[in-house]
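**Student:** Starting from these lines, generate the structure:
(2 chains)
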Amino acid sequence: MNAPPLLTLLTFIPAVGALAVIGLAQEQKRLARWLSLGCSLLALGLTLVLWHYFDSASGDLQFQERHSWVPTLGVEYRVGVDGLGLLMLLLSAVVVPMAMLASWNIEERVPIYFALVLFLQAGLFGTFTALNFFHWFIFWELSLIPAFFLIKLWGGPLRSSAATQFFLYTMAGSVALLLAFLAIYLSTGKFDFTELADMGRNGTLTSALSAELGWRSLNSRPLSLIIFSGAFLGFAVKVPLFPFHTWLPPAYAEAPTGTTMLLTGVMSKMGVYGFLRILLPIFPEQMHWILTPLLWLAVISIVFSASAAFAQRDLKRVLAYSSINHLGYCLLGIFALAKFTGIDAASATAKSAALNGVFLQMFNHGLTASALFWFVGLLEQRSGGLRGLDDFGGLRKVMPAFCGMMGVALFSSLGLPGLNGFVGEFLVFRGAFPLVTWATALSTLGLLLTAVFILTILQRVFHGPLNQAWSKMPDLTLKERLILLPAIALMFVLGIYPQLVLGVINSTVVQMVRERTF
Amino acid sequence: MDWIVQWLWLIPVLPLVAAALGAVVKQRQRRLAAFLAISSMALALTLSCVAFVNALQHSGQGSVVRQTVDFFWFQFGDTQMSDTALRLGWVLDPLAAVMLVMVSLVGLLIFIYSLGYMAHDENFARFFCFLSLFASAMLGLVIANSLLLLFICWEIVGLTSYLLIGFWYHKPSAAAAAKKAFITTRLGDLALLLGIVWLYSQTGTLLFYDGGHGCLEQSALAKLVAQTTGLGMGVSTGIGLLIFCGAIGKSGQVPLHVWLPDAMEGPTPVSALIHAATMVAAGVFLVARVYPLMAAHPVGGAAVPGALQVVTWVGVITAVFAASIAVAQTDIKRILAYSTVSQLGFMMLGLGTGGVAVGMFHLITHAFFKALLFLGAGSVIHGCRDEQDIRRMGGLRKLMPLTFATYAVGMLALSGFPLIFSGFWSKDEILHAAHGWSTPAPFYLGCCGALLTAFYMTRQVCYVFLGESKAGVSPAAEARAAHAPQISLSVGALPPDGGQAGCLPHSPHESPPVMIIPLFVLAAFSMLLSFIGTPAWPWFQGFLSGGSTTGGLGKLLDPQVLGLMVLSSVVVFSGLGLGWWLYGRPSMRNADQPDALERFQPDIFALLKRKYYVDEIYEGSVIRFNTWGARVCDWLDFWVWNGVVQLLSLLVVGCAWLNRSFDEYVVNPGFDEGCRRLTKGGALMSRFQSGRVQTYLRIVGVALTVLVLFLIWGCTAS
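**Tutor:** Residues are numbered from 1 along each chain as shown, chains lettered A, B, ... in the order given. Below you'll find the predicted structure:
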């Protein structure tokens, strides 16, 4: 291939940047910050170039690079993106600079902090572009390690246990994932996602598994389910899906603001991405077999977490539970796709609607949730570390601009039409309703509960009589407004003109649905 | 196609632009903010009138003319398999045209009124920004040709309602009321969303009218009617009921009516515009818009479609229920709020029994006289220094003659005073439709509601305007005025600053002209509108249904029509008379004197005064359940799911500990022992490796000797 290796270059920019930043002395704080921001903006620029040259009429993998690596083991270096991967690249490229700006006031070990963020970004880019399990898994783990240190070294008072729990939990999932893929490799000799997806689609994977790994008297169905659940666990922990979510509230609450933004904005999307890129194509039958329990898990994730969010008193924990709730809609849409419905136009349309909705919801949640954590971080910075729901009151009087901007983000999270959150949720519901009616109907309860806790935040923090302790709280400075403005503007743009994103992802969606009509 | 149809989008977009500009205007630039809002609204009104004229020109051709313009919003799915482009659009038909003129006219008047009412508020500019945003979304809702676009606007009017109820956000009651309003209506909205999604997946389009392919047109309806759901209900009925749930929330029908009275925490112009004239009527409008869907039923099915039966019953129950509560309230705005709920119930009753024209006529007339009443109440509140308790007013007839005159018009229109007030004709129409319905109960209940309406309005007017002044300002109002100086006095009667000393502090005063003129305009419309929908000349009904107007004075003398008119007049007069007899005749002197009904039936009065305890029931059930559910979820999360994880980790740590003990106490000592033995053995063996040649030679010698002896012994043995 003669085309420039753009995707490899994209992954290397933050990696090289990280190496440069980590070599700086402790005192060179300004340089470290600006250099890292520069790298991430360069990555953003390159992603926009990719976005521009991406052929949105095609749902195929593009910008592919393929090099033999360890031929005897079937290991190749193969990268490429379709609409899904490109959207996730863009999300990472947008959220990382946001997270860096939110971490601007960190004063301890600045170069290391920013180098870790850049390493994390390299891991993200690698994960979203890799098409061979071997190096995909390396990047998948690579993103985990910086996150662990970011929580462990710069987090809140309970950071140590939160970081350990986060790491071990995710690691356990990764081990299960690795074992599942080893089993697949042993029976098929393949690591390549697209080749495995072909096998999954025509049903040869299940028979290959039982032929090669006949174990005791297990027939192909339970055996393939066991292997599926290994892979499933790895992604379910990452998203997270109920009941694998308990690491999330402490990790989000203890992590420094910038890291929480990365965790919720992009790292949670790695799990959903795994569901879309790996589980759904490779294990369609298995997902269909256990569709009902999966739907229950999604519905419980949605309703349970929204309800639990209402009981929280720490703003970061409220938002952490709300994150589980919002990703629950993504999983609802994905599971709805696993329903077998025959090849008619109506169900294909429903499936495309659900999948488009899932993609949009991933992007929108990444944007909105990171912005919300950013606002909480700013509030925490002004209040000297307080971020309880009951610590404030009447702040709208002293900081109207802050309240207005955070209000936009909160209403976006609530799914108000005109802002970005609505279109994704509408499409997910549109697609899921005809396919899995009862689960969709139950999930609307989550929308109601979301409104309850979001309006409670507005009521407790911004409305009511002004808490005199904060009568001198400064409003957003001009600089902060300018930094936050692009994120808020993007919420409006995507809410009013979603075609901007849908136009790029739709072909991919159509292709995925066409390949998966039963 | 006419240019006005092409450019119809300008009507909602103009106020939107004003709102966007208003959002960036500095709070000091009050004149600019107000100018933007009012001028955009005036332009919207002009365009609405042009649109109305256009619709008029197309009417009278036997069928309704609907001119639509659609645009592409986004694309999802495979274009080759089916039409998956999501299109939105707008429609100009008589229904939209009538609503456009009403919303923009009432809106403009209330905007002007707000100039006076909000003159001293520090957030004056923001108020106009929110009002403009509201007007924009409401006008968008009216012209939407897509259920989705309607829903989008529907949610945005909900947002502005939230923002404006909580406009004085520093008051905890206002903040709580705003939240309650949003969440209660959202409950209905979610059912509406499900209805939309269901409709969309069944018909493949959300456009109402699309040249035969729209979801309200014959082919789609036939498809919906042909299918039944699991419960044996037609799909069209199921979807219709879900959509109606949205209307229940927005229009404050029982059982989701609880938010509307609380919404009176907002500034009075907001109550007039949003919570009386326009937004709350959006639910009625929605039902009118999707009426073909609601009315669809299989050939040979039940006489009245299921969805319309529900609409009728919910409407009539709400009408009586809310009217009875209004009888026992003492807050001037809350009485009007319950009256609004009740009148919205009447509109639903009209839609359910008589169709679009009947319900819509009452919607339009109600919008004018209820806006008038609210603005009048605002003028009263304004004049009485933020006093809202009707028991502490009285005698305002002399002090505020202009307000009294216009208020009386509104009150008579609402009560349905015969012949020259619009409310009479629109209510008569509803009762007439109910009379011809399949069961008679709604008709009798409707008459009860009408009686109660006349009664509570008389009670209110007697308390507020008649009798003598009981101008003791309540301690609550005193405190309000002290804490919230921005909601204080008007410009006209009291000079802003030093004038207060020269004036009696509590003496009520007439409001400034900027507030009075809108009252007169509204009063004029409340009377004039009566002439467009009488049985003698049912122009309005003809316009909406696309037919020609057949009437004539002879129609009035039709025995059935005349009989009902006489009956409803009797009902109204008995309500008025009863009210006068109880409240007007004996002059009340003391504000703390118990109510006439209270003396007569204290238990029933208490029940009504506490609004049938609905709030308390919700507090005890839904809200408690929610709080409790949240706690349980949190508890489960912390103790059970987290507990399992912790247990697992303990298990792992325990295993590790066991491993270590085994290592330390079994493996390690064994290993050490082995090492020791090995060392000893080594030491033993090392003796053989002494390194002395003599010793080695000695051993070699001994060994040689032994070997030789062995060989010799072996040889001799063989």
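**Student:** contacting residues around A:Pro465?
**Tutor:** A:393-394, B:170-172 (Cβ atoms under 8 Å, 6 or more residues apart in numbering or on different chains). To be clear about C-beta, it is placed using only N, CA and C from the backbone, and glycine gets the same treatment.
**Student:** filter those residues to the buried ones?
**Tutor:** Buried residues within the contacts of A:Pro465, counting neighbours by 16 or more other Cβ atoms under 10 Å in any protein chain shown: A:393-394, B:170-171.
**Student:** from the contacts of A:Pro465, which two are the most distant?
**Tutor:** For those, the farthest-apart pair by Cβ to Cβ is A:Gly393 and B:Lys171; their separation is 12.5 Å.
**Student:** okay, and the common contacts of the two?
**Tutor:** Residues touching both A:Gly393 and B:Lys171 (Cβ under 8 Å, 6+ apart): A:464-465.
**Student:** Can you tell me how far B:Leu372 is from B:Leu529?
**Tutor:** 12 Å (Cβ to Cβ, to the nearest Å).
**Student:** Oh, that last question was meant for A:Glu108, not what I typed.
**Tutor:** Taking Cβ to Cβ as the measure, A:Glu108 and B:Leu529 are separated by 72 Å.
**Student:** neighbours around the closest residue to chain A within the stretch 251-400 of chain B, how many?
**Tutor:** Scanning the stretch 251-400 of chain B for the residue nearest chain A gives B:Glu265, at 11.7 Å (criterion: Cβ to the nearest Cβ). Using other Cβ atoms under 10 Å in any protein chain shown, B:Glu265 has 23 other residues around it.
**Student:** Then the one 3 residues further on?
**Tutor:** B:Thr268 has 28 neighbours, counted by other Cβ under 10 Å.
**Student:** With adjacent residues omitted, what lies nearest to it?
**Tutor:** B:Gly378 (3.3 Å; Cβ to Cβ, 6 or more residues apart in numbering or on different chains).
**Student:** host element of that neighbour?
**Tutor:** helix B:356-383 (DSSP states H and E).
**Student:** wait, which of the buried ones among the contacts of A:Pro465 is closest to B:Leu150?
**Tutor:** B:Lys171 (32.6 Å).
**Student:** What sits closest to residue 228 if chain neighbours are left out?
**Tutor:** Since no chain was named, I'll use chain A. Distances taken as Cβ to Cβ, 6+ apart place A:Gln286 nearest to A:Phe228, at 3.9 Å, with adjacent residues excluded.
**Student:** Sorry, I should have been clearer: chain B.
**Tutor:** Nearest to B:Thr228 is B:Gly234, by Cβ to Cβ, 6+ apart, at 5.7 Å.
**Student:** quick one: the one you found and B:Leu221 touch, right?
**Tutor:** No. B:Gly234 lies out of contact with B:Leu221 (Cβ atoms under 8 Å); the separation is 10.6 Å.
**Student:** Tell me the confidence at residue 235?
**Tutor:** No chain was given, so I picked chain A. Looking at A:Phe235, its pLDDT is 92.
**Student:** Correction: the question concerned chain B.
**Tutor:** 87.
**Student:** close enough to count as contact, A:Met88 and A:Met362?
**Tutor:** Yes. Contact criterion Cβ under 8 Å: A:Met88 and A:Met362 qualify, at 7.3 Å.
**Student:** hang on, the earlier thing: quick one: pLDDT of the residue nearest to A:Phe228?
**Tutor:** At A:Gln286, pLDDT is 86.
**Student:** Would you list the phi and psi of it?
**Tutor:** With angles defined as degrees, to the nearest 10, A:Gln286 sits at phi -60, psi -40.
**Student:** Now do the shared contacts for A:Met88 and A:Met362.
**Tutor:** Contacts common to A:Met88 and A:Met362, judged by Cβ under 8 Å, 6+ apart, are A:269, A:273.
**Student:** For the closest residue to A:Asn219 other than its chain neighbours, which residues are in contact?
**Tutor:** The spatially closest residue to A:Asn219, leaving aside those adjacent along the chain, is A:Ser210, at 6.4 Å (Cβ to Cβ, 6+ apart). Contact analysis of A:Ser210 by Cβ under 8 Å, 6+ apart lists A:218-220, A:223-224.
**Student:** let's go with 10 Å and repeat that
**Tutor:** A:187, A:218-224 (Cβ atoms under 10 Å, 6 or more residues apart in numbering or on different chains).
**Student:** Which residue in the residues you listed has the weakest pLDDT?
**Tutor:** Lowest confidence among these: A:Leu218, with 66.
**Student:** between A:Glu108 and B:Leu529, which one's more packed in?
**Tutor:** Neighbours were counted for A:Glu108 and for B:Leu529 using other Cβ under 10 Å; B:Leu529 has more, 23 against 10.
**Student:** ranges for the helices of the stretch 51-200 of chain B?
**Tutor:** Under the criterion DSSP state H, counting those that start in this stretch, the stretch 51-200 of chain B contains helices at B:94-117, B:124-143, B:147-165, B:172-203.
**Student:** Export the ones you listed as JSON lines, with columns for distance to A:Ala147.
**Tutor:** JSON lines is the format used below for these (distance: least, Cβ to Cβ, whole Å):
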{"stretch": "helix B:94-117", "distance to A:Ala147": "52"}
{"stretch": "helix B:124-143", "distance to A:Ala147": "41"}
{"stretch": "helix B:147-165", "distance to A:Ala147": "36"}
{"stretch": "helix B:172-203", "distance to A:Ala147": "36"}
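**Student:** Out of the ones you listed, which is closest to B:Ala272?
**Tutor:** helix B:94-117 (5.5 Å).
**Student:** what about the closest one, distance to the chain center?
**Tutor:** Remark: helix B:94-117 is offset 19 Å from the chain centroid, using Cα atoms, centre = their mean, to the nearest Å.
**Student:** could you check the angle helix B:124-143 makes with that helix?
**Tutor:** 170 degrees (axes from the mean of the first three to the mean of the last three Cα atoms, to 10 degrees).
**Student:** any idea which helix or strand comes after the lowest-mean-pLDDT helix or strand in chain B?
**Tutor:** In chain B, no helix or strand scores lower on mean pLDDT, DSSP states H and E than helix B:499-502, which sits at a mean of 33. As assigned by DSSP H and E, the chain's next helix or strand after helix B:499-502 is helix B:513-528.
**Student:** what's that following helix packed up against?
**Tutor:** Secondary-structure packing of helix B:513-528 (3 or more Cβ pairs under 10 Å, 6 or more residues apart in numbering or on different chains; DSSP states H and E): helix B:94-117, helix B:268-272, helix B:356-383, helix B:401-415, helix B:422-435.
**Student:** can you put these in TSV and add mean pLDDT?
**Tutor:** Formatted as TSV, the helices and strands packed on helix B:513-528 follow (pLDDT from 0 to 100):
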stretch	mean pLDDT
helix B:94-117	93
helix B:268-272	91
helix B:356-383	91
helix B:401-415	91
helix B:422-435	90
